[in-house]
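Asker: Mind looking at a prediction? Sequence and model below.
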Amino acid sequence: MDRTFVMVKPDGVQRGLVGHIVSRLEAKGLKLVGARFETLLEPRVNDQYKEHLEKPFYPSLKKYIMGGPVFLMVWEGRNAVSIVRKLIGATNPQEAAPGTIRGDFGIDIGRNVIHASDSNESASREIAIHFKTADISSYTRIDAAVIYEY
Ligand code: UDP
Ligand code: MG
């Protein structure tokens with residue numbers, strides 16, 4: 001099983017989309033194994049987005065992410081990383097397909113509602129930034145036997 005890091009960004013929290021987003025991922029069959037509600041401070045935002053530190057949009061991205069509480073989550077499932085990236089849609093909500101979270105709920109690229117890790121490597125790195133191992137739960141979803149073929 002794979003794990004991925006997902007974060008409802010401040011605009012998603014303000015717009016009351018946390019419940020909807022959790023429901024979407026739960027309905028897909030993914031398993032929620034960690035969650036926390038928090039307003040992020042600069043060091044962790046820099047760490048989270050380290051590949052973007054020198055990009056022209058970084059100052060506005062940082063201000064946006066630090067602008068209010070976010071909902072941090074760890075989700076588990078077979079191919080969880082690529083599944084969640086497909087469910088959230090393209091980075092620019094105007095290009096994201098209808099039916100995806102960004103496609104359904106966003107307009108501007110700088111207010112795109114949600115983050116999800118883009119590879120297994122980033123997932124491990126991002127999970128470790130935000131969660132202690134002890135804060136991630138291990139359990140079996142009772143419907144796993146009918147969600148997975150094997
Ligand atoms: N972003 C932005 N302007 C840009 C590109 C990205 O404001 O031109 C923001 C946007 O919030 C995006 C985040 O920076 O989600 C990280 O960018 P990335 O290219 O990693 O997109 P993602 O992995 O979130 O789809
Ligand atoms: Mg990214």
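Answerer: Good, I have the coordinates. Ligands and ions are numbered 1, 2, ... in the order given.
Asker: Surely Ala35 touches Trp75?
Answerer: No: the pair Ala35 / Trp75 is not scored as a contact, 9.4 Å apart, by Cβ atoms under 8 Å. In this view, the C-beta of every residue, glycine as well, is placed from N, C-alpha and C.
Asker: Name the residue in the two with the higher neighbour count.
Answerer: Trp75 (26 against 17; other Cβ atoms under 10 Å).
Asker: Tell me if that one really is in a helix.
Answerer: No: Trp75 sits outside any helix when classified using DSSP: H, G, I helix; E, B strand; the rest coil, being strand.
Asker: so how far is Arg141 from the closest residue to it other than its chain neighbours?
Answerer: Closest residue to Trp75 apart from its sequence neighbours, by Cβ to Cβ, 6 or more residues apart in numbering: Leu30 at 4.6 Å. The gap separating Leu30 from Arg141 is 9 Å, by Cβ to Cβ, to the nearest Å.
Asker: next one: Asp104
Answerer: On the measure of Cβ to Cβ, Asp104 and Arg141 end up 25 Å apart.
Asker: ok, now how distant is the residue nearest to Trp75 from ligand 1?
Answerer: Distance of Leu30 to ligand 1, given as Cβ to the nearest ligand atom, to the nearest Å: 18 Å.
Asker: Who are the contact partners of that residue?
Answerer: Applying Cβ atoms under 8 Å, 6 or more residues apart in numbering, we find Leu30 in contact with Trp75, Glu76, Gly77, Ala80, Ile83, Val84.
Asker: Pretty sure the fourth one sits against Asp2.
Answerer: Yes: contact status for Ala80 versus Asp2: in contact at 4.4 Å, counting by Cβ under 8 Å.
Asker: Quick check: neighbours shared by the two?
Answerer: In contact with both Ala80 and Asp2: Ala123, using Cβ under 8 Å, 6+ apart.
Asker: and those two? which has more neighbours close in?
Answerer: Neighbour totals were compared for Ala80 and Asp2, and Ala80 leads with 26 against 18 (other Cβ under 10 Å).
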